[in-house]
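Trainee: 3D model of this:
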Amino acid sequence: MDFIDLSHQDLTQAELSNLDLSHTNLANSNLYRAGLFKSNLYAANLQKANLSHSYAIGLNLCDAKLNNAEVSYANLYQANLIGADLRGANLHGANLRGVDFGDMDVAFLSGANFQDVLYDLETNFPNGFDISQFDAHFIGKNSNLQSANLHSAYLRNADLRHANLVHADLRNCSLQHADLRYANLNNANFDSFVDFSNADLRHCDFSNTDLSQVLMDNTNFDESTKFPTDYIQP
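Mentor: So this is what the prediction gives:
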């Protein structure tokens, strides 16, 4: 599928997962909420494209052109961004956990917005790039995520041991298989569906939270888990 021209196309919510779209021209196209799971966009032209809220886990964007692209809140978990040109791109709130930027020239990140992105110990930022210049959210052991906006965040397999999630917005959050031992979720916002399936909740504090919208299939908890007094344990 090399060298296909899909520029200026409306591909809103299009299902493009597991496709070879290397070298494809997608400049100025709308890929809002598109499915791009494990697709190959090697050396693709995505200049000024809209990838916001796209489901792009494992996406290969190696050497892709993303100049001035809209990538806000995209789920780029474990994506390959080695050599990608992100100058002027907006990655506000994007999930960059496990993303590999390789040893690219930091000039390729000039003018890019990394505000509120999610990253972890597996995120490989290029040498010379300092994520602390942005108000980004580290997802990992001892994270301070108090009052953080994690609405619809993909936190599957996340290590959140001893994390401070007091008053955090976790609506529509995916926390399957997450390790939340000793995490404090006191007064966290679970007003919309939250999936804790197979998560480790031992020593976790859910005091003063509404768990009516929470799925807890096969969770690991015991007497050390602090549930709200009116909550019927699964």
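Trainee: can you pull the contacts of Asp222?
Mentor: For Asp222, the contacting residues are Arg202, taking C-beta atoms under 8 Å, 6 or more residues apart in numbering as the criterion. Any C-beta I mention is one placed from the backbone N, CA and C, and that applies to glycine too.
Trainee: how does the protein divide into domains?
Mentor: Domain assignment for the chain, taken from automatic domain parsing, gives 1-124, 140-234.
Trainee: dump the ones you listed to JSON lines, plus mean pLDDT.
Mentor: Shown next, in JSON lines, are these (pLDDT from 0 to 100):
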{"stretch": "domain 1-124", "mean pLDDT": "97"}
{"stretch": "domain 140-234", "mean pLDDT": "95"}
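Trainee: which one of those lies nearest to Asp130?
Mentor: Smallest distance to Asp130 across the domains of the chain (C-beta to C-beta): 9.3 Å, for domain 1-124.
Trainee: roughly how far does the residue nearest in space to the middle of the chain sit from Asn75?
Mentor: The centre of the chain sits closest to Asn95, judged by C-alpha atoms, centre = their mean, with a distance of 2.2 Å. The gap separating Asn95 from Asn75 is 5 Å, by C-beta to C-beta, to the nearest Å.
Trainee: so what's in contact with these two at the same time?
Mentor: Tyr154.
Trainee: OK, contacts around the residue nearest to the centre of the chain?
Mentor: With contact taken as C-beta under 8 Å, 6+ apart, Asn95 is in contact with Tyr73, Ala74, Asn75, Leu76, Tyr77, Val117, Leu118, Ala153, Tyr154.
Trainee: could you give the bridge partners of the last one?
Mentor: Think Tyr154. Ser174 (DSSP bridges).
Trainee: now for it: which residues touch it?
Mentor: Residues touching Tyr154, when contacts are defined by C-beta under 8 Å, 6+ apart, comprise Ile57, Asn75, Tyr77, Asn95, Arg97, Ser174.
Trainee: repeat that with 6 Å
Mentor: Listed by C-beta atoms under 6 Å, 6 or more residues apart in numbering, the contact partners of Tyr154 are Asn75, Tyr77, Asn95, Ser174.
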